[in-house]
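>>> Sequence and predicted model, in that order:
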Amino acid sequence: MSSQFEIVGIRPADAKPPVRRQKWYRGKPLFAAALLGLIVAGCLGCGYIMTKDPSYMNLSNCNVAPDREFLFGTDTMGRDIFSMIWYGGRISLFIGAAATVVSTFLAIVFGALSGTAPEWLDTLLMRLTDILLSVPNLLVTVLLQAILGEANVLSLSLVIGVTSWTSIAKVVRTEVRQIRGSEYVIAAKCMGGGFFYILRKHLTPNFISSIMFMVVMNVRSAIVAESTLSFMGIGLPLEVISWGSMLSLSEKALMTNSWWMILIPGAFIVATLLCITSIGNYIRKKANNTQSNL
Amino acid sequence: MGRKNPLAYFGKKCLVFVFSIFVLSLAVFYISRLAPGDPLVSYYGDRVEKMSPKEREWAEDKLGLNDPLLVQYVRWMENAVHGDFGISYKYKMDVTEVIASRLENTLILGGLGFVLIFVLSMLLGVLCAWREEGWLDRAICKIGTVTSCIPEFWLSLVLILIFSIGLRWLPSSGAYSIGKKDDVWDRIVHLILPVSVVVTGHLWYYAYMIRNKILEEVRADYVLLAKAKGLKKRSIMFRHCLRNIIPSYLSLMAISVPHILGGTYIVETVFSYPGIGTLSYESARYKDYNLLMLLCLMTGIVVILCGILAQMINEKIDPRIKATEEAEISEVKKR
């Protein structure tokens, strides 16, 4: 190329040879899916893996570092961390799933209601979500839970679910507004289809792909919320074993410098979250509706 | 948006603001009082258990807890309008005094975290977009994804484990050592860990947004024109593209304030940093009603103000965005 004139705007992509057929697994988060599957399977089948009773307090073996008998060591109350991880994972994962179900359901109903409602009601409902949206989720959850007092698994999932539906609802509403005037929706309405019928048959299939990413991310934030709350001592109590409540002993662990009590449950949380995130990113790339680039 | 009359425009915003605050105060008031728990415990401590029913009644009367909720609310509101927010049951001081003594600490922590995120997210975003799909970009994206997956409280624990217990370099709690309240260096040392947790917890989220914004901008047609004119890559990036994304950057940062605030609260609790976060946690737990009310209102005011600010910036950039169509905000709030 001569140095005086430079051709501008040529895309290097033009020079590439025709794309070879890609393998089926290209670009799919296989490793993440496998690892997540492993963790979930381990938690569900914890009865086969556990070497000890997770809630048994073996007081003669408090604070033991990981060794052959206690694979991940024991905590300050003498419970075997290896068994607790798998046993408690069930509750952490359950809360992640249950809270997401609650929030997704609320979001879809609320969003569709707002999307199909007349203008003034729509404005009112969206103002409401705006106000809720602008308050940091975790703060509301902390307040709600602190005020509600002693938590159990269900109440905690409910609180987390109730505080995290707003952003999905906004997307649902935008999508519903785009398709609410379509012929098939009007036809269904003319034939006497009720709100929930139309929502199930016509609206949901249309917007499900664009909220899928956010739904997956909600699982992630629900798990984080559970562990944060339990850690602060306003989530699950110590006797209910979950990854978060295991970490609530970490204050004592710091004093005795028992790193395994902090690092191991945390590593499990982070690994799970990473897997969920990469699966979520894959879904976002695939259903490239709301995200404009990448 | 009717732009003809700026007074009406701001009036409407103010109305929304006042209304939101009113709803918030009503909600907090009712929820906190209907919930189980005994506020007398935080006032009288363990003595409550030994009280006879008559003494209890007298004590509740004294704190005004016997009236119907609506009466209590109206009374609180009347006093609040006159600047009297009541006393804290636990500290037996004016609520405003209790908060004033802690506010400074939170402002330092949150403000420092915010400024760092403000600057670093822009730098990282530009750096990634500059080397799009290069190894540096990929590496930063990978590391960023990992850091965004780490819960803040766990990161704090790990940092304490490494730097305060393992290496003994940094203190693990508090805002200053005893008796060294005015020692700047001592404060900085105490701030290092909390601030780094606040920053790592949020940085990547915003940096990634900015990176994507720049990448979108770089694909616009005017960049091609500028290139054809013979401008250098650097000057296109810094003089044209960045200038165009600055408004959305600012609105992004306005929205980030509540999130960073929320993060600060968690970090404060882990590091037992004497700030607003630990205070609101305590007050919610021990039913210190008056303190809880004011703290919630303060947080709410900051949060709602930032939301309105972001909305105003958005409307300014793009008049097509009506008050109801905030794709920008809903995209940001995806957490």
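All right, it came through fine.
>>> From A:Ser157, how far off is the closest residue to chain A within chain B?
In chain B, no residue comes nearer to chain A than B:Gly262, which is 3.0 Å away by CB to the nearest CB. Where you see a C-beta, it was placed from the backbone N, CA and C, and this is true even at glycine. Noted for B:Gly262: a distance of 20 Å to A:Ser157, by CB to CB, to the nearest Å.
>>> Show me the residue sitting in the middle of chain B in space.
Nearest to the mean C-alpha position of chain B, by CA atoms, centre = their mean, lies B:Leu261 at 1.7 Å.
>>> quick one: the closest residue to that residue other than its chain neighbours and B:Gly277, what's the gap?
Distance criterion CB to CB, 6 or more residues apart in numbering or on different chains; nearest residue to B:Leu261, sequence neighbours excluded, is B:Gly110 at 6.0 Å. Look at B:Gly110 and B:Gly277: by CB to CB, they are 9 Å apart.
>>> Ok, B:Met77 next?
For B:Met77 relative to B:Gly277 (CB to CB), the value is 26 Å.
>>> Chain B contacts on the stretch 151-294 of chain A?
Those residues of the stretch 151-294 of chain A that sit near chain B, judged by CB under 8 Å from any CB of the partner chain, are A:166-167, A:170-171, A:174, A:214, A:217, A:220-221, A:224, A:227-228, A:231-232, A:234, A:247, A:250, A:254, A:257, A:259, A:262-263, A:266, A:269-270, A:273-274, A:277-278, A:281, A:290, A:292-294.
>>> and those residues, which are buried?
The neighbour-count test (16 or more other CB atoms under 10 Å in any protein chain shown) marks A:166-167, A:170-171, A:174, A:214, A:217, A:220-221, A:224, A:227-228, A:231-232, A:234, A:247, A:250, A:254, A:259, A:262-263, A:266, A:269-270, A:273-274, A:277-278, A:281, A:290 as buried among these.
>>> Of B:Met77 and B:Gly277, which one has the most company?
Using other CB atoms under 10 Å in any protein chain shown as the criterion, B:Met77 and B:Gly277 rank with B:Gly277 on top: 29 against 14.
>>> longest helix anywhere in chain A?
helix A:81-116 (DSSP state H).
>>> Show me which residues of it are buried.
Within helix A:81-116, the residues that count as buried by 16+ other CB under 10 Å are A:81-96, A:98-104, A:106-116.
>>> pLDDT on it, on average?
The average pLDDT for helix A:81-116 rounds to 89.
>>> Next one: it, is it in contact with chain B?
No: in terms of CB under 8 Å from any CB, no part of helix A:81-116 sits within range of chain B; the closest distance is 9.9 Å.
>>> Which strands or helices does the following helix or strand past that helix pack on?
Sequence order places helix A:119-134 as the next helix or strand after helix A:81-116, per DSSP states H and E. Packing contacts for helix A:119-134, counted by 3 or more CB pairs under 8 Å, 6 or more residues apart in numbering or on different chains; DSSP states H and E, involve helix A:81-116, helix A:166-179, helix B:6-34, helix B:289-317.
>>> Quick check: which of these is nearest to A:Gly192?
helix A:81-116 (15.6 Å; CB to CB).
>>> If I take the closest one and helix A:119-134, what angle do their directions form?
With axes from the mean of the first three to the mean of the last three CA atoms, to 10 degrees applied, the angle from helix A:81-116 to helix A:119-134 works out at 150 degrees.
>>> And stretch A:117-132, what's buried?
Buried residues in stretch A:117-132, counting neighbours by 16+ other CB under 10 Å, are found at A:117, A:122, A:125-126, A:128-132.
>>> One more: stretch B:265-277?
Per 16+ other CB under 10 Å, stretch B:265-277 contains these buried residues: B:265-271, B:273-277.
>>> go on, stretch B:170-189?
Of all the residues in stretch B:170-189, those buried under the rule 16+ other CB under 10 Å are B:170-172, B:175-176, B:186-187.
>>> right, is that stretch up against chain A?
Yes: using CB under 8 Å from any CB, stretch B:170-189 reaches chain A at B:Ser172.
>>> Touching that stretch from outside, list them.
A:254, B:105, B:108, B:160, B:163-165, B:190-193, B:271-275 (CB atoms under 8 Å, 6 or more residues apart in numbering or on different chains).
>>> Run the chain-centre distance for stretch A:50-60.
Relative to the centre of its chain, stretch A:50-60 is centred 30 Å away, using CA atoms, centre = their mean, to the nearest Å.
>>> now for the buried residues of stretch B:170-189, which pair is the farthest apart?
Among these, the pair separated by the greatest distance (CB to CB) is B:Ser172 and B:Arg187, at 15.0 Å.
>>> among the buried residues of stretch A:117-132, which one has the lowest pLDDT?
A:Ile131 (69).
>>> Now pLDDT and secondary structure too, for the buried residues of stretch B:170-189, in a markdown table please.
As requested, those are exported to a markdown table (pLDDT from 0 to 100; DSSP: H, G, I helix; E, B strand; the rest coil):
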| residue | pLDDT | secondary structure |
| --- | --- | --- |
| B:Leu170 | 77 | coil |
| B:Pro171 | 76 | coil |
| B:Ser172 | 73 | coil |
| B:Ala175 | 69 | coil |
| B:Tyr176 | 72 | coil |
| B:Asp186 | 80 | helix |
| B:Arg187 | 80 | helix |
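>>> pLDDT below threshold where in chain A?
A:1-4, A:9-23, A:25-26, A:131, A:134-139, A:142-143, A:145-150, A:287-294 (pLDDT under 70).
>>> I'd like to know how far the spatially most central residue of it sits from chain B.
In chain A, the centroid-proximal residue (CA atoms, centre = their mean) is A:Val219; its distance is 1.4 Å. To chain B, A:Val219 is 12 Å away according to CB to the nearest CB, to the nearest Å.
>>> got the contact list for that residue?
Counted by CB under 8 Å, 6+ apart, A:Val219 has contacts A:96-97, A:100, A:276.
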